[in-house]
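Peer 1: what's the 3D shape of this:
(chains A, B and C, ligands or ions: 5)
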Amino acid sequence: MSRKLLLKNDHIQGINTLKTYKENGGYSVLEKALKGMSPDAIVEEVKKSGLRGRGGAGFPTGMKWSFLAKPEGVPRYLVCNADESEPGTFKDRYLMERIPHLLVEGMILSSFALGANTSYIYIRGEYFYVSRILEQAIEEAYQAGYLGKNILGTGFDLDLYVQVGAGAYICGEETALLESLEGKRGNPRIKPPFPAVAGLYGCPTVVNNVETIAAVVPIIEMGGDEYAKIGIGKSTGTKLISASGHINKPGVYEIELGLPVEEFIFSEEWCGGIKGGRKLKAVVAGGSSVPILPADLILKTANGEPRLMSYESLGEGGFVTGTMLGSGGFIVMDEDTSIVKNLYTFSRFYHHESCGQCSPCREGTGWMERILKKILDGRGSLADIDLLWDIQSKIEGKTICPLGEAAAWPVAAAIRHFRPEFEAYVTNPDSIKDIKHYYRLKN
Amino acid sequence: MTNSQDIQFSTEAMEKVRKIISRYPTGKHKSALIPILHIAQAEFGGWLSSQTMDYVASILEIQPIEVYEVASFYSMFNLQPVGNCLIEVCRTSSCWLCGAEDIIDHIENKLGITVGETTPDGMFTLKAVECLGSCGTAPMMQVGADYHENLTIEKVDNLLDQFKTDNKKSRYC
Amino acid sequence: MPKITIDDIPIEVPEGTTILQAARMIGGDIVPPAMCYYSKLETSGGYCRTCIVKVEQGSAKDPRPMPKPVASCRTTVMDGMVVRNITSPENLEARAGVVEFLLLNHPLDCPVCDQAGECHLQDLSYEHGKEATRNEFERREYDPIDIGDKIKLHMNRCILCYRCVKVADQLTDGRCHGVINRGEHAEISTYIEKAIDNDFSGNMIDVCPVGALTDRTFRFKSRVWFTKPVDAHRNCDKCCGKVRLWNQGEEVLRVTARKDQWGEVEDNDDGSTAWICNECRFEKKNLSDWTIEGPSDISRHSVISANHYETLRSIQTNTLKMMGAKPHGVKVELGEGALDPNNQK
Ligand SMILES: Cc1cc2nc3c(=O)[nH]c(=O)nc-3n(C[C@H](O)[C@H](O)[C@H](O)COP(=O)(O)O)c2cc1C
Ligand code: SF4
Ligand code: SF4
Ligand code: FES
Ligand code: FES
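Peer 2: Ligands and ions are numbered 1, 2, ... in the order given. Okay, here's the model as predicted:
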């Protein structure tokens, strides 16, 4: 059995209540830290742990925390990113729904470390029922004296609120999230300034993913050095993976970073292999934004090394033969899957979710979707494939926020690794009829 | 001009609104806009008319355009009336891989409408939406606040029947 | 003061200067085109991406190149920065891509657009665009609407530069128009029919880089290049009263603010911006209302080309072609008639 830090108690009945959570050791880390550690000491442990942001970018959390500006007399904020809208990703929902107090405890610990006296959890609007679960947990924490004024008699004050979004993937981008939290359209801000200097209401702010903040609890519990021993190389600790698609056992798994991809897909402990005994065709390993890889490249790197579930190993080979761990949204496709059609669902998604501020993304995402639809409809030409390639290259890197890249990369990767399939669509559509279940196009 | 006087939150809703506004630092009450729009949508028929939005603007003491800008940005706010029961089926990658299109087809046939339409009796509106964070239990749909997961044709049939008997309203807040 | 080079030209600029401002200090064709940035409006810029440049060296301290092109209008210089604009073929290619995106949904109505001859998008496509667009899909279409009795909005032509929104925020006392909807469907709107009515709202017309916001009081549909701009002033208790009149014979067809070589409203002597009020703009259409100072010094090339019809013609035809018009399509080619001062259609 693999080691579990976040989900070790997820099977316990009633773990969503304060009572059961406490009976299983909950809030003991908070008590220990608030009474016995300085905020800086907590930051230090997080630094030592090597924890990297679990929201997608993988930025070292301790370093991010140490960048937080601390001008006199200006409030600081901690905002938890629970927007979770990257297709293929549902781990934060699972964690918040099952063990809401773990996030609440992490928020209190982290707010204490950062010197924030008001913190927000920004959750996507569709997770309304989860927001209720969180609010319930927060209410319990207030009652127990873990929130509010003079927490545990330490003089530390903290108010924690849940803010519900209203349907916009882009609000997962941290500055768009802050805009939304300020009651505005979710338009990403032009950086600099970064949130660490001017974030919520113009004040220094740290934005972290749900899983990142939850991981602070076991890190303080075991110490940063111990945490860093788990995992592999610079990919320390455990990671929640959202596994979906054509596998026997979809769901959220906590893995130790460094687990071989092959084992993850095929072992009974994890995904349990491909549904119906079919063959593996491709995997999107880290949420819709990251490059798709064909079976051979997801199982082994171009050098023939086994591919591991870690930031470095998945990134091995760059975008030519590699991909990214991203948010850990692991989408598996069997041999009958149309890669073109899957790409179309992604492109339609990015088109739908572009905020519309900057011209390459506003105009380019819709254009790519239309061309893909044309190809799927059997009206495409070889030139359309080249055009798609060119459009994605003209979006990538030219936009205000990384949604531009997120829209461009999947297109580039699908063409890079599955060009013959695109060509078949335009030159010989009949040859694809075998995969007709997935070939069919519906609006 | 608008008659924001015509609409008024219930005392209960107004209490919620006040509580929400108190979460933010003084002068930052605009932060309450999105939560309040959710309440308004639930209170006033499942959608946001310009009167409703003007009313919200007056509560927060902001310009009406600031409300229109925000309301029209987020996909959960309906700027046109919708049926009592709004059915939102996810159509993105993982759900598509697991048969979301069959589910959508089936609902279309059963209700006699296509995606984006409302049944003539005003009972159901069907939408195809983007990933709702339930990809591991695909295919799925959201109705009101509820997630219905691991859908099969039979399951959908049962749900639709039940919604009809319960005269289900998808409003929530 | 930071020292930088742009296209190998060295310049020393005050701390906090943006790359675009530094380039404007140098002048000439190394200045990146700016469709959304407007130096007189706070927080403008960053949206259109036409001003992107390549930063080959971030600073003397950290000489690494920046990984992506940056918006020169929103990037401040650092000592030792090495910037490439027109000396980077890669950058020019990237910009051509942005131009193609901007034209993707732009209507083919230059021949009937009030802005023709002073449209920044036309200049941009002429100077920075490439061959014809590869877009074969239908363009977004919106009906033109009147926002009040003074201003017309042709949303089809809008490039969402946000300048008019910033004017309303920064110059007027209650914004009633803005950007609604999201992504490709984002549009400038009042949402419900509303007149934009404020003493300074007319400045939205002057900042609009394209023909999306136009002056409904512009009498007679006249091509800009048939009007003679003169600078004039009057005593106005609301604004500086310093304007540009666009006359035909004895008639004042249109009143605008005075613009500088970057197409921005000029500064007053005290450094403030010479915005004009709606009374001066919309109500004072008699020569006798004004003290004439003399012919305007206009440096924007497409307006100069008023005297060079052929240049203008080729700019327009080229723009139209890039937007996908058939090269010899009768409908969209700038017809002879359009160049005839007596043709007031
Ligand atoms: C388009 C876009 C969507 C994003 N969505 C999310 C999201 O849903 N959840 C999240 O935690 N981070 C998301 N991010 C990343 C955040 O901007 C940010 O990096 C992250 O919340 C930082 O937290 P971390 O360091 O703990 O990962 C997104 C980024 C982009 C560009
Ligand atoms: S890249 Fe797309 S989502 Fe990001 S700011 Fe630009 S238009 Fe908005
Ligand atoms: S109407 Fe003109 S000024 Fe306003 S956003 Fe559009 S192009 Fe810019
Ligand atoms: S793809 Fe349907 S819920 Fe994620
Ligand atoms: S002028 Fe710089 S991005 Fe538009």
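Peer 1: interface residues of the stretch 51-200 of chain A facing chain B?
Peer 2: A:75, A:84-90, A:92-93, A:118, A:124-129, A:159, A:161, A:163-169, A:180-186 (Cβ under 8 Å from any Cβ of the partner chain). (C-beta placed from N, C-alpha, C; glycine too.)
Peer 1: outline the domain layout of the chain.
Peer 2: If you meant another chain, say so; for now it's chain A. Per the record, chain A has its domains at A:18-229, A:232-334, A:339-432, by automatic domain parsing.
Peer 1: wait, I meant chain B there
Peer 2: Split by automatic domain parsing, chain B gives B:4-73, B:85-167.
Peer 1: any weak-confidence spans in the chain?
Peer 2: Here I'm looking at chain A. The model of chain A has pLDDT under 70 over residues A:1, A:432-443.
Peer 1: not quite, go with chain C.
Peer 2: For chain C (pLDDT under 70), the answer is C:131, C:219-225, C:299-316, C:318, C:321-345.
Peer 1: what segments of it are helices?
Peer 2: For chain C, the helices defined by DSSP state H occupy C:19-26, C:89-103, C:120-128, C:163-171, C:203-207, C:278, C:301-304, C:309-322.
Peer 1: SS state for the residue in the stretch 101-250 of chain A that ligand 4 sits nearest to?
Peer 2: Ligand 4 sits closest to A:Ser244 of the stretch 101-250 of chain A, with a gap of 7.0 Å, by Cβ to the nearest ligand atom. Secondary structure for A:Ser244, judged by DSSP: H, G, I helix; E, B strand; the rest coil, is strand.
Peer 1: isn't B:Gly144 right up against B:Cys173?
Peer 2: No. With contact defined as Cβ atoms under 8 Å, B:Gly144 does not reach B:Cys173; the gap is 9.9 Å.
Peer 1: more neighbours: the two, which one.
Peer 2: Comparing B:Gly144 with B:Cys173 by other Cβ atoms under 10 Å in any protein chain shown, the one with more neighbours is B:Gly144, at 20 against 17.
Peer 1: dump the residue contacts of A:Gly36.
Peer 2: Applying Cβ atoms under 8 Å, 6 or more residues apart in numbering or on different chains to A:Gly36 gives no contacts.
Peer 1: where does the most centrally placed residue in chain A fall, phi/psi-wise?
Peer 2: With distances taken as Cα atoms, centre = their mean, A:Ser327 lies nearest the centre of chain A, 2.9 Å away. Note on A:Ser327: its backbone torsions stand at phi -90, psi 0 [degrees, to the nearest 10].
Peer 1: quick one: it and A:Gly55 touch, right?
Peer 2: Yes. In this structure, A:Ser327 is within contact of A:Gly55 by Cβ under 8 Å, at 6.4 Å.
Peer 1: in helices only, show me the residues of the stretch 51-200 of chain A next to chain B.
Peer 2: Checked against DSSP H, these include these in helices: A:92-93, A:128-129, A:180-181.
Peer 1: what's the closest of those residues to B:Ile39?
Peer 2: A:Phe128 (11.9 Å; Cβ to Cβ).
Peer 1: pull the contacting residues for the closest residue to B:Cys98 other than its chain neighbours.
Peer 2: Nearest residue to B:Cys98 in three dimensions, chain neighbours excluded: B:Ala138, at 4.0 Å (Cβ to Cβ, 6 or more residues apart in numbering or on different chains). The contact partners of B:Ala138, taken as Cβ under 8 Å, 6+ apart, are A:244, A:250, B:90, B:94-95, B:97-100, B:149-150.
Peer 1: ok, 7 Å please
Peer 2: A:244, B:94-95, B:98, B:100 (Cβ atoms under 7 Å, 6 or more residues apart in numbering or on different chains).
Peer 1: what's the residue nearest the centre of chain B sitting at in phi/psi?
Peer 2: Residue closest to the average C-alpha location in chain B (Cα atoms, centre = their mean): B:Met76, at 5.0 Å. Dihedral angles of B:Met76 (phi, psi; degrees, to the nearest 10) stand at phi -80, psi -10.
Peer 1: number of nearby residues for C:Ser288?
Peer 2: 8.
Peer 1: hang on, I meant C:Pro67
Peer 2: There are 9 residues near C:Pro67, going by other Cβ under 10 Å.
Peer 1: same check on C:Asn198?
Peer 2: Counted with other Cβ under 10 Å, C:Asn198 comes out at 20.
Peer 1: any part of stretch A:45-60 near chain C?
Peer 2: No. On the criterion Cβ under 7 Å from any Cβ of the partner chain, stretch A:45-60 is out of touch with chain C, staying 13.6 Å away.
Peer 1: in that stretch, what counts as buried?
Peer 2: By neighbour count on 16 or more other Cβ atoms under 10 Å in any protein chain shown, the buried set for stretch A:45-60 is A:45-56, A:58, A:60.
Peer 1: pretty sure C:Ile276 sits against C:Arg234.
Peer 2: No. In this structure, C:Ile276 is not within contact of C:Arg234 by Cβ atoms under 7 Å, at 10.2 Å.
Peer 1: looking at the two, which is more packed in?
Peer 2: For C:Ile276 versus C:Arg234, neighbours defined as other Cβ under 10 Å are more numerous around C:Ile276 (27 against 15).
Peer 1: show me the contacts for that one.
Peer 2: Counted by Cβ under 7 Å, 6+ apart, C:Ile276 has contacts C:239, C:243, C:257.
Peer 1: can you check B:Thr119 too?
Peer 2: So B:Thr119 contacts B:83, B:111-113 (Cβ under 7 Å, 6+ apart).
Peer 1: and for C:Arg139?
Peer 2: Per Cβ under 7 Å, 6+ apart, neighbours of C:Arg139: C:105, C:107.
Peer 1: surely the residue nearest to the centre of chain A meets A:Phe90?
Peer 2: No. A:Ser327 is not in contact with A:Phe90 according to Cβ under 7 Å; the separation is 9.9 Å.
Peer 1: which residue packs closest to A:Glu363, ignoring adjacent ones?
Peer 2: C:Phe101 (4.0 Å).
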